Structures are given as structure tokens and as C-alpha cells.
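J.: Structural data only, the sequence is not supplied:
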């Protein structure tokens with residue numbers, strides 16, 4: 001069993017976008033299974049009114065697919081972890097086809113993602129699989145393509161770290177000075 005601390009050594013994702021809690025099976029080059037426990041404390045439910053219906057709590061389909069992709073990412077990167085996408089190789093999603101949603105996922109559900117490597121050509125991987133809640137299929141993925149590329153190919157130069165700040169843009173506010181009593185925010189500041 002691969003726990004979240006080990007997953008974070010393989011994938012670059014962090015809260016709120018680390019969407020797999022545990023990998024229960026991993027056969028390198030073949031298949032993986034992973035779990036995602038859905039709770040009402042996730043950011044997509046923030047601000048949900050007390051009058052919200054059960055339908056309002058349906059887990060976003062795009063996030064369910066992203067969670068499935070994280071298990072595929074662990075399968076690809078397990079033997080070559082790279083949690084810093086600015087160096088080494090970056091994992092890129094090429095596309096997804098024949099994805100079907102069969103039942104809603106709601107808080108309290110534990111989703112089991114099943115990922116199978118259907119084909120590999122060099123650094124490009126083709127996956128298929130499904131996601132289950134209990135014995136019910138919630139999602140099927142006919143094909144997902146993922147590739148690994150050198151980070152330097154994506155930045156146009158050596159991957160050394162975040163870019164240096166440029167000159168201020170007229171009409172925008174400068175970033176406030178960081179508060180040393182608060183932990184750093186892992187998300188970049190919003191730019192209007």
C-alpha cells in the first residue's frame with residue numbers, strides 16, 4: 001500500500017489538488033488501483049448553502065477524472081519520482097476519449113480508481129480503466145493519453161525555478177509583503 005506521504009514524493013500535486021489518498025495496488029508497467037475518499041470539506045463545496053440539495057453535492061466530474069489521472073500518474077512515475085515539475089520531466093495530459101459517467105459521487109463515498117496501462121510508446125502512455133463506488137461503476141475511461149517531457153522543453157530554457165518578477169503592469173496592485181506568522185500559500189496570487 002502506498003500512502004499519501006509516498007504519493008507526495010512521486011507527484012507534484014498538493015492541497016487542494018492532490019486527489020488520491022492511497023494507492024492500494026501497483027504493478028509497474030501494468031496497472032494500479034487507488035482510493036479517493038470524498039468529503040464535504042473539499043474546496044468545491046465551500047460556501048454551499050444549508051438549503052443545498054443532494055444534487056448540489058455531486059462531486060465535479062472534471063475533478064473525478066483528475067483524481068483518476070493521479071493514479072495513472074503514480075503508475076507512470078513510481079520508479080522515477082519528480083515532485084518538482086520545474087526540473088526533470090513534467091507529466092502532461094494529452095487527451096481523454098470515451099469517458100462516461102455512470103453515477104454521481106457524493107460526500108461519504110470512497111472511490112476506487114482502476115487504471116490499466118494499455119500501451120506505451122517511448123515516453124507516451126495510453127491508459128484505460130474505471131472508477132467504482134462499492135460495486136457500482138461511477139466512471140469509465142476508454143483512453144487517456146499522457147506523456148513525459150523535459151521541463152526545459154516547456155520553458156524554453158533550463159528549468160531552474162520560478163521566473164523573476166517583471167515590471168509592474170499599469171492598473172494592477174503589487175503583491176503584498178508576506179506575513180511571517182502565516183504559512184506560505186502554495187497557490188500563485190490571482191491576477192485580474
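T.: Alright, I've got the coordinates. Remember, it's a predicted structure, so these values are computed and weren't measured experimentally. Numbers count the residues shown, from 1 in each chain.
J.: now the strands for this protein?
T.: 2-3, 22-27, 31-37, 89-101, 110-121, 124-133, 136-150 (DSSP state E).
J.: just checking, what's the longest helix in this protein?
T.: helix 61-77 (DSSP state H).
J.: quick one: it to strand 31-37, angle?
T.: Angle of helix 61-77 versus strand 31-37, following axes from the mean of the first three to the mean of the last three Cα atoms, to 10 degrees, is 140 degrees.
J.: Report the buried residues of helix 61-77.
T.: For helix 61-77, the neighbour count (16 or more other Cβ atoms under 10 Å) marks 63-77 as buried. For the C-beta atoms, the positions are set from N, CA and C on the backbone; glycine is no exception.
J.: residues making contact with it?
T.: 2, 7, 10-11, 13, 17-20, 23, 26, 28, 31-34, 36, 44, 91, 93, 96, 99, 101, 105, 111, 113, 115, 117, 125, 127, 129, 131, 138-139, 141, 144, 146, 148 (Cβ atoms under 8 Å, 6 or more residues apart in numbering).
J.: shouldn't residue 88 be in contact with residue 81?
T.: No: using Cβ atoms under 8 Å, residue 88 is not in contact with residue 81; the gap is 9.1 Å.
J.: tell me what the lowest-mean-pLDDT helix or strand in the chain is packed against?
T.: Least confident helix or strand, the chain: helix 151-155 with a mean of 84, by mean pLDDT, DSSP states H and E. If contacts are counted by 3 or more Cβ pairs under 8 Å, 6 or more residues apart in numbering; DSSP states H and E, helix 151-155 sits against strand 89-101.
J.: partners of the strand it packs on, with directions?
T.: In the sheet, strand 89-101 lines up against strand 136-150 (antiparallel) (DSSP bridges).
J.: Report the contact partners of the closest residue to residue 150 other than its chain neighbours.
T.: Nearest residue to residue 150, sequence neighbours excluded (Cβ to Cβ, 6 or more residues apart in numbering): residue 89, at 5.8 Å. Going by Cβ under 8 Å, 6+ apart, residue 89 touches 80, 82, 123, 148, 149, 150, 151.
J.: From residue 43, how far off is the closest residue to the third one other than its chain neighbours?
T.: If I follow you right, that is residue 123. In this structure, residue 123 finds its nearest non-sequential neighbour in residue 148, 4.3 Å apart by Cβ to Cβ, 6+ apart. As judged by Cβ to Cβ, to the nearest Å, residue 148 and residue 43 stand 28 Å apart.
J.: And these two? Which one has more around it.
T.: Counted by other Cβ atoms under 10 Å, residue 148 and residue 43 do not tie: residue 148 has more neighbours, with 17 against 10.
J.: Hmm, the more buried one is touching residue 121, no?
T.: No: taking contacts as Cβ under 8 Å, residue 148 lies outside contact range of residue 121: 11.8 Å.
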